[in-house]
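Visitor: A predicted structure for the sequence below; I have some questions about it.
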Protein chains: 2
Amino acid sequence: MTRTGTAREKILAAAIKLVRAKGFTATTVDDLCVEAGVTKGAFFHHFASKEALGAAAAEHWSKMTAAFFAEAPYHQVADPLGRLFAYIQFRRDILRGELAEFTCLAGTMVQEVYAAHPVIGAACNASISDHAATLAPDIAAAMCERGLDPDGSTTGWSAESLALHTQAVLQGAFILAKAKGGPTIAEESVEHLSRYIRLLFTVAEPSRSAP
Amino acid sequence: MTRTGTAREKILAAAIKLVRAKGFTATTVDDLCVEAGVTKGAFFHHFASKEALGAAAAEHWSKMTAAFFAEAPYHQVADPLGRLFAYIQFRRDILRGELAEFTCLAGTMVQEVYAAHPVIGAACNASISDHAATLAPDIAAAMCERGLDPDGSTTGWSAESLALHTQAVLQGAFILAKAKGGPTIAEESVEHLSRYIRLLFTVAEPSRSAP
């Protein structure tokens, strides 16, 4: 059970746990109340509907993950490109434990709700896109250091596009991990992502090219 | 409504349509019967449970997509690496229409059911992994032509791993398309995938390296 914090916080924590394990639709209000240890009256005091809870859970997820990543060790790397690689290594390092513990609430929910609950889909998009946006300045700085236009005019790919692509790879890696029942396949996709970025920036710097 | 073929085929077609639009849990047996134009008795004559229907839908999806990709134009390209690029271009070209029309049944279902319905998860895994396996021989051939070991001993990445990574990128691209409400972001991730493979094989051939 999820029984620390206020009733609202307990319900949000319960939502994050249960939706990551079995999806949004399969998680009932009753499930949430049992997991959070609150009454149905308390649930509907805090959330007008299950849809409102879904959107609030995505927003809570965004805040939690923003705080988690803000304190992660990759920020200690001074070089922007090095920091990006350290971020990717960190994402690989946290592919641990149960699938429901390392996969993404926003990516899981949006699969189900994009058509039926646009308000939840928008909150999931904000979660994924806002996290991607934290990577774009480092990618842009690494591009500028190598004489590349971060808007993509010289390369065909922009800093923003590469930042979003990192999240696409992670989301897809989570799906393959669920399909295969463990993180190994996800680790391999994260390694492919790291290799891609290394190649992108190697080609951009002829002096670092392979002989 | 989905009303061609036998009752079983109509139910499977209805499942593919409805699950891609709103997910497995949100799709009820009643929804499936209405969409397929069959009675509940007919449904349970063909499928012992909704879980059995889910697994059969993933298997039907595998057969449908296998036939679809087997007839796709990329097979006409003679060179293995060229065929792989043509496949990726084809995947980009079919990112058209409604989200429910171009996204993947297997990737959508496995997100929800991996823990609650392992039998469906296994069928989704087979669908994704079997499709990836159709790409591995071309990747292996392209690697061999360049003196690379397809098992990855010289490169750190195997043909099988790259084949699965293409599917991770596509699945993640579908999630971002659902989050952002359209295919543009998915097209960009598919372009990043194509660029990654180009760089992998460019670096493998010093004669083709950038100056």
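Guide: Great, that's in hand.

Visitor: now do the host helix or strand of A:Ile175 against helix B:159-180, angle only.
Guide: Secondary structure assignment for A:Ile175, by DSSP states H and E: helix A:159-180. Between helix A:159-180 and helix B:159-180, the angle comes out at 110 degrees (axes from the mean of the first three to the mean of the last three Cα atoms, to 10 degrees).

Visitor: can I get helix A:159-180 as PDB, trimmed to CA atoms?
Guide: What follows is helix A:159-180, C-alpha atoms only, in PDB (Å, rounded to 0.1, in the frame of the first residue of the first chain):
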ATOM      1  CA  ALA A 159      19.000  19.600 -31.100                       C
ATOM      2  CA  GLU A 160      15.300  19.500 -30.200                       C
ATOM      3  CA  SER A 161      14.700  16.600 -32.600                       C
ATOM      4  CA  LEU A 162      17.600  14.500 -31.200                       C
ATOM      5  CA  ALA A 163      16.400  15.200 -27.600                       C
ATOM      6  CA  LEU A 164      12.900  13.900 -28.500                       C
ATOM      7  CA  HIS A 165      14.500  10.900 -30.300                       C
ATOM      8  CA  THR A 166      16.200   9.900 -27.100                       C
ATOM      9  CA  GLN A 167      12.800   9.600 -25.500                       C
ATOM     10  CA  ALA A 168      11.400   7.700 -28.400                       C
ATOM     11  CA  VAL A 169      14.200   5.100 -28.100                       C
ATOM     12  CA  LEU A 170      13.600   4.900 -24.300                       C
ATOM     13  CA  GLN A 171       9.900   4.500 -24.700                       C
ATOM     14  CA  GLY A 172      10.300   1.800 -27.400                       C
ATOM     15  CA  ALA A 173      13.000   0.100 -25.300                       C
ATOM     16  CA  PHE A 174      10.400  -0.100 -22.400                       C
ATOM     17  CA  ILE A 175       7.900  -1.800 -24.800                       C
ATOM     18  CA  LEU A 176      10.500  -4.400 -25.900                       C
ATOM     19  CA  ALA A 177      11.400  -5.000 -22.200                       C
ATOM     20  CA  LYS A 178       7.800  -5.700 -21.500                       C
ATOM     21  CA  ALA A 179       7.500  -7.900 -24.500                       C
ATOM     22  CA  LYS A 180      10.600  -9.900 -23.500                       C
END
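
Visitor: what is the least confident helix or strand in chain A?
Guide: Ranked by mean pLDDT, DSSP states H and E, the weakest helix or strand in chain A is helix A:99-102, scoring a mean of 93.

Visitor: what residues does it touch?
Guide: Residues from elsewhere that reach helix A:99-102 (Cβ atoms under 8 Å, 6 or more residues apart in numbering or on different chains): A:17, A:20-21, A:94-96, A:174, A:177-178, A:181-183, B:114-115. In short, each C-beta sits where N, CA and C put it, glycine included.

Visitor: how does it look with 6 Å?
Guide: Outside helix A:99-102, the residues that touch it by Cβ atoms under 6 Å, 6 or more residues apart in numbering or on different chains are A:Arg20, A:Ala21, A:Leu95, A:Lys178.

Visitor: excluding covalently adjacent residues, which one is nearest to whichever residue of chain A sits closest to chain B?
Guide: The minimum distance from chain A to chain B, using Cβ to the nearest Cβ, falls at A:Gly172 (2.9 Å). Distances taken as Cβ to Cβ, 6 or more residues apart in numbering or on different chains place B:Gly172 nearest to A:Gly172, at 2.9 Å, with adjacent residues excluded.

Visitor: so which bits of chain A are right by chain B?
Guide: Those residues of chain A that sit near chain B, judged by Cβ under 6 Å from any Cβ of the partner chain, are A:21-23, A:25-26, A:107-108, A:110-112, A:114-116, A:124-125, A:128, A:161, A:165, A:168-169, A:171-173, A:175-176, A:178-180, A:188-189, A:192, A:196, A:199, A:203, A:209-210.
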